[in-house]
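# Structural data only, the sequence is not supplied:
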């Protein structure tokens, strides 16, 4: 098999299924490849909810293309760097606009492998979105959650009806049933103290459904999401308390599917990627691993690092979709508990870098709303952010993290990152583009961010040697 390269650096891909099982042929190619190429440093990138093959390829070509070009300009040691792209079954809804990811659209220009930049497209087309599920979205969800297909079909049918209290309750019943059928049993601790007889579920499923869906609807409107709403007929229709409620219900379904992918990311990281990484030293003694994850991929690489024994030299989390308290030794709202990844920084032979942006609406608004606990549904969103806030919006909290400013790409003196320490970097200046409802959540292909990965891993330095 011909070795693929991105920006002149060797690139391998390994695909995992939902249970964390890896493609054995791809793993074998990776292990033999790092040996043959004398790789000393392997940069491992896990995508978020972009499981469309073309989209994941575009992400890796774009981001890793930037990184490879920067590394090769920095010194001859770049020739010993290898690149690994992780593919795992996550699903972004097709109606969400993503900056810089045009590859799956046949009308856009082709993006060449290893491109340092990719074709831009408008953040969103502004067309009003229906409350129902379009065919492409329903097919995508059915293929991602085959066990939940019957419930998905029934929810899709309900979203086409005129809402009544009875139908809203029926949707809530189907939503909870879907969650139970597709749950994998993995619990990262964010849903409260684990009970052996309970399936971890987001708190919104235990709250009054009309209140939950109305809150989602209000936030969609606040984020200026273009919604197609039924034309009112008469004063009674204008005062209808359920008018537009299906938009909120559809958003609840969206967030539930992301919640399930969140748990799936933990499974793949802990039982899939971690064991693969542990096989690397036998093929390339002394190899250093640098983990990079976007969105739920940040969760995936974090759980891999927490359970692997290989030397991990750095971890960079781009807009991480996990709790701001995931790494805390003591939770401020439950001092008898700790974050699911508490102590991770002490296992890393370098820094754990957390990128955060105030322009990430997915993590600022919808992540905490999906996580809301029973009894919290009447709280204001800022209060929810304190308890249920996401890492990629707030940064790592209650973990003695340090905050450093984002440096310009190529600035060798711009970062002094402490080893075995959590580091928060505000990247709002570049992670800023994207339409509703996710905002800038996926706006990550920037030279400043690829440079940060290199700096975190000590892969750029002075005097002709890595720092």
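That came through fine. None of these values were measured; they are calculated from a predicted model.

# does residue 403 count as helix, strand or coil?
With DSSP: H, G, I helix; E, B strand; the rest coil as the basis, residue 403 sits in strand.

# Which helix or strand contains the spatially closest residue to it that is not a sequence neighbour?
Using Cβ to Cβ, 6 or more residues apart in numbering and skipping the chain neighbours, the partner closest in space to residue 403 is residue 424 (4.6 Å). Any C-beta I mention is one placed from the backbone N, CA and C, and that applies to glycine too. According to DSSP states H and E, residue 424 maps onto strand 422-426.

# For that strand, which outside residues touch it?
Residues outside strand 422-426 that contact it (Cβ atoms under 8 Å, 6 or more residues apart in numbering) are 327, 345, 351-358, 395-396, 399-406, 417, 452, 456.

# Drop anything exposed from the residues you listed.
Buried residues within the contacts of strand 422-426, counting neighbours by 16 or more other Cβ atoms under 10 Å: 327, 345, 351-358, 395-396, 399, 401, 404, 406, 417, 452, 456.

# Tell me which of those residues fall in helices.
345, 452, 456 (DSSP state H).

# how about those residues in JSON lines, adding pLDDT?
Converted to JSON lines, these look like this (pLDDT from 0 to 100):
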{"residue": "345", "pLDDT": "95"}
{"residue": "452", "pLDDT": "97"}
{"residue": "456", "pLDDT": "96"}
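
# now, which of these sits nearest residue 10?
Using Cβ to Cβ, residue 456 comes nearest to residue 10 of these, at 20.8 Å.

# Next up, the contacts around residue 260.
Residues near residue 260 by Cβ under 8 Å, 6+ apart: 145, 179, 182, 183, 184.

# Look up which helix or strand it falls in, please.
Secondary structure assignment for residue 260, by DSSP H and E: helix 245-267.

# now the strands: where do they sit in the protein?
4-6, 9-15, 41-46, 81-87, 288-294, 312-318, 352-356, 402-405, 422-426 (DSSP state E).

# strands paired with the fifth one, and their directions?
The pairing partners recorded for strand 288-294 under DSSP bridges are strand 41-46 (parallel), strand 312-318 (parallel).

# do you know how far residue 135 is from residue 129?
14 Å (Cβ to Cβ, to the nearest Å).

# pLDDT value on the nearest residue to residue 308 once chain neighbours are set aside, please?
What sits nearest to residue 308 in space, not counting adjacent residues and going by Cβ to Cβ, 6+ apart, is residue 274, at 4.0 Å. Looking at residue 274, its pLDDT reads 98.

# What is the neighbour count of residue 274?
Using other Cβ atoms under 10 Å, residue 274 is surrounded by 21 other residues.

# surely it meets residue 303?
Yes. Using Cβ atoms under 8 Å, residue 274 is in contact with residue 303, at 7.2 Å.

# circling back: quick check: which of the strands of the chain is nearest to residue 163?
Nearest of these (Cβ to Cβ): strand 288-294, 35.5 Å.

# how about TSV for the ones in helices among the buried ones among the contacts of strand 422-426, with distance to residue 20 added?
Output for those, formatted as TSV (distance: Cβ to Cβ, whole Å):
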residue	distance to residue 20
345	24
452	28
456	26
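
# Any figure for the gap between residue 268 and residue 288?
According to Cβ to Cβ, residue 268 stands 22 Å off from residue 288.

# wait, what's in contact with residue 313?
Residue 313 is in contact with 41, 288, 289, 290, 348, 349, 350, 457, 458, counting by Cβ under 8 Å, 6+ apart.

# and those, which are buried?
41, 288, 289, 290, 348, 350, 457, 458.

# Now do the contacts for the first one.
Neighbouring residues of residue 41 by Cβ under 8 Å, 6+ apart: 80, 81, 82, 287, 288, 289, 290, 313, 457, 459.

# Apply 6 Å and report the result again.
Contact analysis of residue 41 by Cβ atoms under 6 Å, 6 or more residues apart in numbering lists 81, 288.
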